[in-house]
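Peer 1: Quick one: sequence and predicted model below, then my questions.
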Amino acid sequence: MRLVNIKPARGPRFLIGAVPIIILLVLYAVLSAARAEANAHDKVLPTFLAMGQAALRLFTEVDPRTGDITALADTSASLWRLAMGVGIATLSTLLIGIALGVVPLVRAALGPLVTVIAVIPPIAVLPILFIALGLGEASKIALIAVGIAPYMIRDLASHVAGLPAEQFVKAQTLGASTWQLTLRVALPQALPRLIDSLRFSMGPAWVFLISAEAIASDVGLGYRIFLVRRYLSMDIILPYVAWISCLAILTDWALLTISRKAFPWAHGKGH
């Protein structure tokens, strides 16, 4: 029995994956308890109890300054910005990516431009966006869209261009127009890839969101993290980081579930 041939079942796989996480949590608990015993006011490694108390305040108590529950207001603002930016990027990818993949003339005209934009670090564009669009919501949403759209467009265009040529030849033999080729041949096979590309782009999307909120915002998950860092409030920062991770995991799970339900054939099912 070779190591490469050992494939754990779903139950054991879950347990194996949980072991490193449990080890890290136990290690953190031991270290934080030791630091708390040496210094009850230590802020570098807050105990789980301290983080739980801080998280409870953030998720239940109303901020007298704003009249809102802090964590819920931050989450709502960040998710709205993220949804708008990702939505614009996804729609742009669907339109431009398929056009680049299906029509060689469009690929020749716009391909180099997309490639040039894709190699520009999005964070470097942030000052330009702030100058051009102001410090409001538009610049934050634009950073997310500009940050992930070029990669998604290139990925989808490459996938569509790599579809078997026989499919397009047969469709044209049956009298299909370019529009029909796009809708009946390219689009159905592009949608699963679009969801996969979106899943892989959600990590960078969160990075761009947090970066924009940290620089110019008065509400949001990124804003809150960078606001309290000046006070070394790790009991707030770590729960916020954990909350962002939970939101990211839920988003990835939702996208994967949609893909599996809508396109089972793309996941080796339904054959």
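Peer 2: Yes, it's here.
Peer 1: I'd like the distance between the residue nearest in space to the middle of the chain and residue 142.
Peer 2: Centroid-nearest residue in the chain: residue 202, 1.4 Å away (criterion: Cα atoms, centre = their mean). Distance, residue 202 to residue 142, by Cβ to Cβ, to the nearest Å: 17 Å. Where you see a C-beta, it was placed from the backbone N, CA and C, and this is true even at glycine.
Peer 1: what's around the nearest residue to residue 215 once chain neighbours are set aside, how many residues?
Peer 2: If the residues on either side of it in the chain are set aside, residue 215 comes closest to residue 126, at 7.0 Å by Cβ to Cβ, 6 or more residues apart in numbering. The number of residues packed near residue 126 is 21, by other Cβ atoms under 10 Å.
Peer 1: With residue 79 instead?
Peer 2: Neighbourhood size, residue 79 [other Cβ under 10 Å]: 15.
Peer 1: Settle this for me: it is touching residue 250, isn't it.
Peer 2: No: the pair residue 79 / residue 250 is not scored as a contact, 10.8 Å apart, by Cβ atoms under 8 Å.
Peer 1: what do those two both touch?
Peer 2: Both residue 79 and residue 250 lack any common contacting residue under the criterion Cβ atoms under 8 Å, 6 or more residues apart in numbering.
Peer 1: ok, residue 158 touching residue 101?
Peer 2: Yes: contact status for residue 158 versus residue 101: in contact at 7.3 Å, counting by Cβ under 8 Å.
Peer 1: Show me which of these two is the more surrounded one.
Peer 2: Between residue 158 and residue 101, counted using other Cβ under 10 Å, the more crowded position is residue 101 (22 against 13).
Peer 1: so that one, which of the three states?
Peer 2: Secondary structure of residue 101, reduced to three states by DSSP: H, G, I helix; E, B strand; the rest coil: helix.
Peer 1: show me the contacts for it.
Peer 2: Contacts of residue 101 by Cβ under 8 Å, 6+ apart are 107, 156-161, 163, 186, 190.
Peer 1: host element of residue 204?
Peer 2: helix 187-215 (DSSP states H and E).
Peer 1: chain center to that helix: distance?
Peer 2: In terms of Cα atoms, centre = their mean, to the nearest Å, the centre of helix 187-215 is found 4 Å from the chain centre.
Peer 1: So which bits of that helix are buried?
Peer 2: Within helix 187-215, the residues scored as buried using 16 or more other Cβ atoms under 10 Å are 189-199, 201-202, 205-215.
Peer 1: try stretch 226-243
Peer 2: Applying 16+ other Cβ under 10 Å to stretch 226-243 flags 226-228, 233-240, 243 as buried.
Peer 1: Reformat those as TSV; add secondary structure and pLDDT.
Peer 2: As requested, these are arranged in TSV below (DSSP: H, G, I helix; E, B strand; the rest coil; pLDDT from 0 to 100):
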residue	secondary structure	pLDDT
226	helix	90
227	helix	89
228	helix	87
233	coil	85
234	helix	90
235	helix	89
236	helix	91
237	helix	93
238	helix	93
239	helix	93
240	helix	94
243	helix	95
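Peer 1: Check the residues you listed against residue 22 and report the nearest one.
Peer 2: Of all the buried residues of stretch 226-243, residue 22 sits closest to residue 238, with 17.3 Å by Cβ to Cβ.
Peer 1: That closest one: what's it in contact with?
Peer 2: Neighbour list for residue 238: 46, 51 [criterion: Cβ under 8 Å, 6+ apart].
Peer 1: got it, and residue 234?
Peer 2: The neighbourhood of residue 234, defined by Cβ under 8 Å, 6+ apart, consists of 43-46.
Peer 1: which of these has the most neighbours?
Peer 2: Compared across the contacts of residue 234, residue 46 has the highest neighbour count, 24 neighbours, by other Cβ under 10 Å.
Peer 1: pLDDT score assigned to residue 203?
Peer 2: With respect to pLDDT, residue 203 has a value of 94.
Peer 1: do the same with residue 78
Peer 2: 95.
Peer 1: Count the neighbours of residue 174 for me.
Peer 2: When neighbours are counted by other Cβ under 10 Å, residue 174 comes out with 9.
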